[in-house]
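Q: pasting the sequence and the predicted model now:
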Amino acid sequence: MTAEEKSLVRAAQHGSLEAFEQLFRTHERRIYTLALHMVGDVSLAEDLTQDTFVRAWENLRRLRHEQAFSGWLRRIALNLVWDHIRHRPATEGLEEEHAERLADPGDPPALAVSREALARRVQGAVMSLPEHQRLVVAMYYWEDLPVNEIARMLGIARGTVISRLARGREALRRKLGPALSAPVEV
């Protein structure tokens, strides 16, 4: 985090809406992308992004270390995503728009359906991880952030990030093993 961003966080903590708007512009895309990867729906990802920043504004004074702002913001977003996924109807699947991104136009229909089902299982498995693992897995795999950057953003040691990634991957392997190794029937 730059000195300028730390200054913006401190100013926002003291009530500066202008400073918070700059923080919003800086972080909006990453939060939106994270939400989109997790829920697979553009409109819902936009709503979750907005809700993330509303919650951040409401709770900004509780943030103790301004350098942890990015990680704190991501945790808020992931908690909102988790709440949505946990409370949505069991019959709700991936939105058409997300399914289209997963499908190759040349794929037989059965393969496209299998990919959509696998994407839902992966999403559910990631969301079932403990929060500390879920956060680093999402940041590493869905946001393509390097381990050192994740450690810096979350204010934890590099080794802790590596450990959480390893445990998260192992848990995902246990949960998804059969789904990942099963052949796709067409």
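A: Right, received. Where do you want to start? Residues are numbered from 1 along each chain as shown.
Q: residues contacting the spatially most central residue of the chain?
A: The centre of the chain sits closest to residue 34, judged by Cα atoms, centre = their mean, with a distance of 3.7 Å. For residue 34, the set of contacting residues under the criterion of Cβ atoms under 8 Å, 6 or more residues apart in numbering consists of 74, 77-78, 81, 138-139, 142-143. For every residue, glycine as well, the C-beta is placed using N, CA and C.
Q: out of these, which is nearest to residue 42?
A: Proximity of those to residue 42 was ranked by Cβ to Cβ; the top entry is residue 81 with 14.1 Å.
Q: that closest one touches residue 37, doesn't it?
A: No. Taking contacts as Cβ atoms under 8 Å, residue 81 lies outside contact range of residue 37: 9.3 Å.
Q: between the two, tell me which one has more neighbours.
A: Neighbours were tallied for residue 81 and for residue 37 using other Cβ atoms under 10 Å; the higher tally belongs to residue 81 (25 against 17).
Q: OK, contacts around the more buried one?
A: Here residue 81 is in contact with 34-35, 38-39, 48, 127 (criterion: Cβ under 8 Å, 6+ apart).
Q: rerun at 7 Å
A: Under the criterion of Cβ atoms under 7 Å, 6 or more residues apart in numbering, the contact partners of residue 81 comprise 35, 38-39, 48.
Q: just give the nearest non-adjacent residue to it, would you?
A: On the basis of Cβ to Cβ, 6 or more residues apart in numbering, the spatially nearest residue to residue 81 that is not a chain neighbour turns out to be residue 38, at 4.4 Å.
Q: gap between that neighbour and residue 11?
A: Here residue 38 is placed at a distance of 30 Å from residue 11 (Cβ to Cβ, to the nearest Å).
Q: name the residue in the two with the higher neighbour count.
A: More neighbours sit around residue 38 than around the other of residue 38 and residue 11, counting by other Cβ under 10 Å; the figures are 24 against 17.
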